[in-house]
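> Here is my input, please return the structure:
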Amino acid sequence: MPHSNVFSAPRLALSERILAAKAAKNLSWEALAAGTGLSLVYVTAALLGQHPLPQPVAEIVAERLGLDAEAVLLLQQIPLRGSFADGIPSDPTIYRFYEMIQVYGTTFEGAGARAVRRRHHQRDQLQARHQEGRRSGGRLARRHHARRQVSADQTVLSGAPPGRRRDG
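Predicted coordinates:
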């Protein structure tokens, strides 16, 4: 039966131990979440002190990080959520966003960095393909432009809508 924490200090201390072990073992969040059956975001948020983990998952993650049995029990407890100390908004709509950031803010930060790296990689690949097209004398671009020109000429000459030709 899961129990609740009434203080945030134990989970914060555990999160510090988790981050230290993660860095010492050079593990990624993906590696820690692999094989748990839970999403990357959920496991990351749980390890940062925002969610409880089921016993089997807590044991898997604790083994990977080299944590003791006390940490396994603490990972299963329902934490006192929130990663900001003060300043709760009073507007209900704004409060929901605030609550979402409280629970998932640190997780979004890690996911955002991965998304930026992925975008940069995609941009670099696109630039490399563009440069490759230039080095090949622009054959692909000229061929594509010629095809579009023929299609436009056929439409103008035949008077038919694109894709339909009238014969003579």
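> Residue 49 - that's part of a helix, no?
No. Going by DSSP: H, G, I helix; E, B strand; the rest coil, the assignment for residue 49 is coil, not a helix.
> just the helices in this protein please.
With helices called from DSSP state H, the chain shows them at 9-24, 29-33, 40-47, 55-65, 69-76, 92-135, 139-158.
> Skipping its backbone neighbours, what lies nearest residue 61 in space?
Among residues not flanking residue 61 along the chain, residue 32 sits closest, at 5.7 Å (Cβ to Cβ, 6 or more residues apart in numbering). Quick note: C-beta positions are derived from backbone N, CA and C, even for glycine.
> same question, residue 106
Nearest to residue 106 is residue 48, by Cβ to Cβ, 6+ apart, at 4.8 Å.
> likewise residue 46?
Residue 46 sits nearest to residue 53 (Cβ to Cβ, 6+ apart), 4.9 Å away.
> Show the contacting residues for the residue nearest to residue 106.
By Cβ atoms under 8 Å, 6 or more residues apart in numbering, the contact list for residue 48 reads 15, 18, 83, 106, 107.
> could you dump those to CSV with neighbour count?
Formatted as CSV, the contacts of residue 48 follow (neighbours: other Cβ atoms under 10 Å):
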residue, neighbour count
15, 19
18, 23
83, 18
106, 18
107, 22
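> Please convert the residues you listed to a markdown table, extending it with distance to residue 59.
Formatted as a markdown table, those follow (distance: Cβ to Cβ, whole Å):
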| residue | distance to residue 59 |
| --- | --- |
| 15 | 18 |
| 18 | 14 |
| 83 | 25 |
| 106 | 23 |
| 107 | 22 |
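> Just the closest of those to residue 75, please.
The closest of the contacts of residue 48 to residue 75 turns out to be residue 18 (Cβ to Cβ; 8.8 Å).
> I'd assumed residue 46 was in contact with the closest one.
No. The pair residue 18 / residue 46 is not scored as a contact, 9.7 Å apart, by Cβ atoms under 8 Å.
> Okay, now the unreliable bits of this structure?
Residue ranges of the chain with pLDDT under 70: 1-2, 5-6, 81-87, 89-91, 108-113, 133-168.
> at 50 instead, please
With pLDDT under 50 as the threshold, the chain has low-confidence stretches at 151-153, 155-160, 168.
> What's the local residue count around the nearest residue to residue 3 once chain neighbours are set aside?
In space, and not counting its chain neighbours, residue 3 is closest to residue 77: 5.1 Å by Cβ to Cβ, 6+ apart. By other Cβ atoms under 10 Å, the residues close to residue 77 number 17.
> Also the one 3 residues further on?
Neighbouring residues of residue 80 were enumerated by other Cβ under 10 Å; the total is 16.
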